[in-house]
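Enquirer: What follows is a predicted protein model with its sequence.
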Amino acid sequence: MVRKIALEEHFGTADPDIVEQSREHFTEQTWPPHRRRLLDVQDERLRLMDEAGIEIVVLSLLAPGIQGLPDRAQAVDWARRTNDVAARHVEPRPDRLAAFAALGVAGPRRSRRRAAPRGDRTRVQGRAGERVLRSGR
């Protein structure tokens, strides 16, 4: 059997409330189910992965994400916080989930130091210049 790995599967967070960046792309009727899917990484997403025969998903923060935040302090803070959320999503199912790290491009030096998630047992990875952000294996 061919292993399927899905890359850049979008997710959002409610705290910080970055998921609302996507609202403008949907109608009032279609937004609620899409918002729910962006926030739900464990239940519905894993079920849909099973139905599609996808073994591993690499999560990626929705667009524009951190890059859409012009305020440097907010971008750095939200990058850290959304990476923490990604790590919490990955931690219970590292066999099925991994995540790309988000970086605040408004303050790249500070982001490189602070973007890595706080946990060290999950697979959240990224690159900031020459620095590799990696937690877990």
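Expert: That came through fine.

Enquirer: I am assuming Ala102 contacts Val85, so please confirm or correct that.
Expert: No: using Cβ atoms under 8 Å, Ala102 makes no contact with Val85, being 9.8 Å away. Any C-beta I mention is one placed from the backbone N, CA and C, and that applies to glycine too.

Enquirer: Which of these two has more residues huddled nearby?
Expert: Ala102 (28 against 24; other Cβ atoms under 10 Å).

Enquirer: hang on, the more buried one is in a helix, isn't it?
Expert: No: when classified by DSSP: H, G, I helix; E, B strand; the rest coil, Ala102 is found to be coil rather than part of a helix.

Enquirer: Please name the residues that touch it.
Expert: 61, 65-66, 78-79, 82-83, 86, 115, 126 (Cβ atoms under 8 Å, 6 or more residues apart in numbering).

Enquirer: Check Pro64 too.
Expert: Gln21.

Enquirer: Next one: it relative to Gln21, how far apart?
Expert: Here Pro64 is placed at a distance of 6 Å from Gln21 (Cβ to Cβ, to the nearest Å).

Enquirer: can you give me the strands in this structure?
Expert: Remark: strands of the chain, listed N- to C-terminal, are 5-11, 56-61, 97-100, 124-128, 131-135; assignment by DSSP state E.

Enquirer: which stretches of this protein form helices?
Expert: Assigned helices in the chain, in chain order: 31-39, 43-52, 72-90, 108-114 (criterion: DSSP state H).

Enquirer: Enumerate the beta-bridge partners assigned to the residue lying closest to Glu9 once chain neighbours are set aside.
Expert: The shortest distance from Glu9 to any non-neighbouring residue, by Cβ to Cβ, 6 or more residues apart in numbering, is to Val57 (4.6 Å). Beta bridges link Val57 to Ala6, Leu97 when assigned by DSSP bridges.

Enquirer: so Val57 makes contact with Ala6?
Expert: Yes: with contact defined as Cβ under 8 Å, Val57 and Ala6 form a contacting pair (4.7 Å).

Enquirer: where are the low-confidence patches of the chain?
Expert: Counting by pLDDT under 70, the low-confidence segments of the chain come to 1, 106-137.
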